[in-house]
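K.L.:
After the sequence you'll find the predicted model.
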Amino acid sequence: MQSIKDYNTFKKIELINKGWSTDQKYYIETTENEKRLLRIASISEYDKKKAEFEIMKQVAALGVTMSQPLDFGICHNGESVYSLFTWCEGQDAGDVLSQLTEIEQYELGVSSGQMLKLIHSISAPLNQEDWEIRFNRKTNYKIEKYKACPIKLDGDEQIMHYIENNRYLLSDRPQCLHHGDYHVGNMIISPHNTLSIIDFNRYDFGDPWEEFNRIVWSAEASPHFATGQLNGYFDGKPPIEFFKLLAFYISSNMLSSIYWAIPFGEKEVITMKNQAKNVLSWFDHMNNPVPTWYISHLANI
C-alpha cells in the first residue's frame, strides 16, 4: 500500500468483510482524523475501475450524497489498482429503517428517489444497443438458465406468463446510467438521518425504470421507504406504465435469482424462494402490476 497517495498519513487501516464485491475494501483513518474508503482490485480490472471512478466523479458533481471519489492509481508494484473515497458515516439503511418513524422512513425513501433521478440524468453512450433487443436477449437467457435449474420457484408459470405477455413494454425505452444495485443494502443512514449511496461497482446503462428491479429488498425492509423512493423519483404517484414494467423487470430478476443463489448455499436459495413468494403476493400472482406494498395515499403528502 505504500505507493498509494498519502499512505504515510494513514494511521488506521481496517479490512471490511461485507458485501458481494471481489474488491478488497478498507476503512481508513488519517492523521488528520479524516475517514476514507479504500478499494483495491487486480490490475486486470484497471480499465473497468478507471471507468467506474470517472462515472462516480460525474455522479458526485450532480450533488448526490455518496462516497466522494478522491484518488485513483496503481499499487502493489503494479499488481493492483486502487480507488480512494470519502467515508459515509452511519449504518446500513436496512438495519436502521425499522428504528425510525414511518414518516422518517418515507422521507428517506423520497430522498433516495430524488438522488436516483439525478443519477439517471446521465445519458447512455450513443452507440448503446437498442434496449428492446438487448433485454429480450437477456430475458431469453434467464429463462433458459432457469428451465435448466434443478430448483424451481412456486408460481413460476405465472411469472413466465407475465413476462411473455408483456415483452412489448420494452419497445422504445430510453437509456441512461444505472447505479446497478440500487436498494437499502447499498445505502447508509447517518446519525443525523441523511441518506448516502454507496457501491457503484455494478454501474451499467439501460432503461431507467429497470433500475427499480431491486426495490424488492427495500420494500421488504420498509414499504414506506419503497413508496417514498417511487414518489420522490416521479414527484408523485408513478404512472401505470411504470408499474407494468416494474412487474416485468422484477419477474425477470426472480427467474435469475434462484440459479444465482445455488452456489452460495441453501440459505441464499431459501431467501430467494421466499422473496419470490412475496413478489407473487405483492402483485396478486401477477394479476395486478401495482404492488400491495405501495401506499397510494402518501403520494399526496
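P.N.:
Cool, got the structure. Residues are numbered from 1 along each chain as shown.
K.L.:
helix or strand right after the strand or helix carrying Ile133?
P.N.:
Ile133 belongs to helix 131-147 when assigned by DSSP states H and E. Downstream of helix 131-147, the first helix or strand assigned by DSSP H and E is helix 156-165.
K.L.:
List the buried residues in the helix holding Ile133.
P.N.:
Of all the residues in helix 131-147, those buried under the rule 16 or more other CB atoms under 10 Å are Trp131, Glu132, Arg134, Phe135, Thr139, Lys142, Ile143, Tyr146. C-betas here are computed from N, CA, C, even on glycine.
K.L.:
Give me the distance between the closest residue to Asn166 other than its chain neighbours and Met254.
P.N.:
Spatial nearest neighbour of Asn166, excluding adjacent residues (CB to CB, 6 or more residues apart in numbering): Phe248 at 4.9 Å. For Phe248, the distance to Met254 (CB to CB, to the nearest Å) stands at 11 Å.
K.L.:
Equivalent analysis for Ala219, please.
P.N.:
Remark: distance between Ala219 and Met254 (CB to CB) = 14 Å.
K.L.:
domain ranges for the chain?
P.N.:
With domains defined by automatic domain parsing, the chain comprises 7-86, 91-293.
K.L.:
distance between the ends of the shortest one?
P.N.:
Using CA to CA, to the nearest Å, the span of domain 7-86 from its first residue to its last is 15 Å.
K.L.:
just the last one next, same as before
P.N.:
Domain 91-293 has an end-to-end distance of 24 Å (criterion: CA to CA).
K.L.:
what distance separates that domain from the middle of the whole chain?
P.N.:
From the chain centre to the centre of domain 91-293 is a distance of 8 Å (CA atoms, centre = their mean, to the nearest Å).
K.L.:
now for the helix or strand containing Val216, which elements pack on it?
P.N.:
Here Val216 sits within helix 215-221, counting by DSSP H and E. With contacts taken as 3 or more CB pairs under 8 Å, 6 or more residues apart in numbering; DSSP states H and E, helix 215-221 sits against helix 93-96, helix 223-234, helix 240-261, helix 266-282.
K.L.:
closest to Asn166 out of those?
P.N.:
Closest to Asn166 of the helices and strands packed on helix 215-221, according to CB to CB: helix 240-261, at 4.9 Å.
K.L.:
Output that closest one as CSV, nothing but the C-alphas.
P.N.:
Extracted C-alpha coordinates of helix 240-261, given in CSV (Å, rounded to 0.1, in the frame of the first residue of the first chain):
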residue,chain,number,x,y,z
ILE,A,240,-49.4,2.7,-14.5
GLU,A,241,-47.0,2.1,-17.4
PHE,A,242,-44.2,2.2,-14.9
PHE,A,243,-45.8,-0.3,-12.6
LYS,A,244,-46.4,-2.7,-15.5
LEU,A,245,-42.7,-2.5,-16.4
LEU,A,246,-41.7,-2.8,-12.8
ALA,A,247,-43.6,-6.1,-12.5
PHE,A,248,-41.9,-7.2,-15.7
TYR,A,249,-38.3,-6.4,-14.6
ILE,A,250,-38.9,-7.9,-11.1
SER,A,251,-40.3,-11.1,-12.8
SER,A,252,-37.2,-11.4,-14.9
ASN,A,253,-35.0,-11.0,-11.9
MET,A,254,-36.9,-13.6,-9.9
LEU,A,255,-36.0,-16.3,-12.5
SER,A,256,-32.3,-15.5,-12.4
SER,A,257,-32.2,-15.2,-8.6
ILE,A,258,-32.7,-18.8,-8.0
TYR,A,259,-29.8,-20.2,-10.1
TRP,A,260,-27.6,-17.3,-9.0
ALA,A,261,-28.2,-18.3,-5.3
